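Chemist: pasting the structure only:
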């Protein structure tokens, strides 16, 4: 089985976002779009999750992201502003938990605020994906 096939839909949305080195606030929309695609079999349909639905999903996705961080498969960094992405700092410890609880990390807040939290996959994920792929090839 390929590593990607082992993932839940939520984990898949997180890992796709990390592979794209995109923002954490893309994860729930990625998940919502994939829910729609599964229903319609059409990959052009965007997420239909409204802000209330997204807010309800934040605690669940926070635990999914935390689990993937604990596995060593992804990392989070935060830049002070979009134009200062090169100044991004790793997010760890208590700040990690605060970041994952903050709705502004996941979506734009009513006042238009949004944190610049970026997901990236790690070498540990790459090794895991290679091992899984090699195991499949060895079976064939």
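Modeler: Nice, thanks for sending it over. Note that this is a predicted model, so its numbers are computed, not measured. Numbers count the residues shown, from 1 in each chain.
Chemist: hmm, who's touching the helix or strand of the chain with the lowest mean pLDDT?
Modeler: The helix or strand of the chain with the poorest confidence is helix 123-139; it has a mean of 81 (mean pLDDT, DSSP states H and E). Helix 123-139 has contacts (Cβ atoms under 8 Å, 6 or more residues apart in numbering) with 1-4, 6, 15, 18, 71-74. All C-beta spots, glycine's among them, are computed from the backbone N, C-alpha and C.
Chemist: What subset of those is buried?
Modeler: Among those, those classed as buried by 16 or more other Cβ atoms under 10 Å are 3, 15, 18, 73-74.
Chemist: quick one: least confident of the residues you listed?
Modeler: Minimum pLDDT for the buried ones among the contacts of helix 123-139 is recorded at residue 3 (88).
Chemist: In terms of secondary structure, what does the helix ranked longest in the chain contact?
Modeler: Looking across the chain with DSSP state H, the single longest helix is helix 51-70. Applying 3 or more Cβ pairs under 8 Å, 6 or more residues apart in numbering; DSSP states H and E, we find helix 51-70 packed against helix 9-19, helix 27-40, strand 74-79, helix 93-101, helix 103-106.
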